[in-house]
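J.: have a look at this prediction, sequence included:
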Amino acid sequence: MASISSFCLAFASLVAADCEAPSSSKALLQSKVHVEDSEHGTVDKSGACDYDVYIGRSDWGWDKHWAKRIVPAPKGETFHFDGCREDAGCGSGGIHVLRDSNGNEVGTGTCCSGLTNKVLRVISNACTDKCLYTLDIYRGGPNNFAKWFQKNSTKPRGETFAFTGCITDTGNGQKCVTDYNVADGIRYYTDFIGNRIGTGSCCDSETDKVEIAEVSCPKSCSYTLHIISKYAGYTSVTGLEEMDLGSSNTISGSKVVEDAENEEFTVDGCSTTVPQGKVCKDKHGVSGGVRVIKNKKGQIVATGDCCASDARNDVKQVNGACTTSR
């Protein structure tokens, strides 16, 4: 049975051999490019989650933030460095490539010659759960710290905190200078990105530290989404395996999504801003991009087929376990 390149799941087509479209389908794509989806509404041009991907480099020390890349991608996407490619500014060694979980290039790092990169942290203000952190602040040190006070801070899941320096531009900082003759002012602590969260003791012979005492996060649940392609007479592709269910509905792929408790998912419009949408537009000539699966908050969590007129998608979810881990 024939298979269709533009009707393959966009994420599947990245890892599978190209599906060859019958001539009638090629003619359809050339003459009837999909811009509006009559079943699910107009094309979604708002994009998905804008992820801030924080990058480290080997010569700076792995825990030190060097650069940030902003990447639009579905909720729950992951990122990693893999391989080098040619780059005019880096010479023969090329440049490190930042990729999503499907292997698409979404950014770059340093030049490859003698350096390596890694992803330190991924945060999206719109798509990363916010948690309430109870922080214990200690003073003394280095071997005789005593708990001093507690402070609450609402930050994304997986946040870290540390004392990083001294300041004089706050009321307590000036008090350390004028009342206690400590010229450097007061110690402050930050989150991973470097946002100032609070202060500790004056910057004298004592030292401070901050520890997470308790974290309260929304429950994170695992959902398996079975993405259904609806078109008669064709075979869909998942990875390297073709599946034909002998009817007009074929299971084109499945994706595990981590999301909030009691979440629901629907096929809702099309997008050209996510990497799979760009593949549909640039490689398959479908200007509408790829169909997207969203949660109740309107966030893109997965993708379906390219938005050509002969294909439709549906999604069936299987609910899994929920956890309250950090």
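T.: Structure's in. What do you need?
J.: how about the helix or strand where residue 122 lies: buried residues?
T.: Taking DSSP states H and E as the definition, residue 122 sits inside strand 117-123. By 16 or more other Cβ atoms under 10 Å, the buried positions in strand 117-123 come out as 117, 119-123. All C-beta atoms are positioned from the backbone trio N, CA, C, and that covers glycine.
J.: for it, which strands pair with it and how are they oriented?
T.: Listed by DSSP bridges, the sheet partners of strand 117-123 and their directions read strand 49-57 (antiparallel).
J.: neighbouring contacts of the strand it pairs with?
T.: Outside of strand 49-57, the residues within contact range by Cβ atoms under 8 Å, 6 or more residues apart in numbering are 62-75, 77, 79, 98, 106-107, 109-110, 115-127, 192-193, 299-300.
J.: assumed residue 97 was part of a helix.
T.: No. Secondary structure of residue 97, determined by DSSP: H, G, I helix; E, B strand; the rest coil: strand, with no helix assignment.
J.: start the count at 858, not 1, going forward
T.: In the new numbering, first residue 858, that becomes residue 954.
J.: so the most centrally placed residue in the chain: helix, strand or coil?
T.: For the chain, the residue sitting closest to the mean C-alpha position, by Cα atoms, centre = their mean, is residue 934 at 4.0 Å. Following three-state DSSP, the label given to residue 934 is coil.
J.: any idea how far the spatially closest residue to residue 924 that is not a sequence neighbour is from residue 1041?
T.: Among residues not flanking residue 924 along the chain, residue 912 sits closest, at 4.7 Å (Cβ to Cβ, 6 or more residues apart in numbering). Residue 912 sits at a distance of 31 Å from residue 1041 (criterion: Cβ to Cβ, to the nearest Å).
J.: so between these two, which is more surrounded?
T.: Just comparing residue 912 and residue 1041: by other Cβ atoms under 10 Å the higher neighbour count belongs to residue 912, 23 against 15.
J.: rewinding a little: which outside residues touch the helix or strand just after the strand holding residue 979?
T.: Remark: after strand 974-980, the chain's next helix or strand is strand 987-997, criterion DSSP H and E. Contacts to strand 987-997, defined as Cβ under 8 Å, 6+ apart, come from residues 1002-1014, 1016, 1018, 1046, 1054-1055, 1057-1058, 1063-1075, 1183.
J.: and for residue 1002, the neighbour number?
T.: When neighbours are counted by other Cβ under 10 Å, residue 1002 registers 17.
J.: same thing with residue 927?
T.: Using other Cβ under 10 Å, the number of residues around residue 927 comes to 11.
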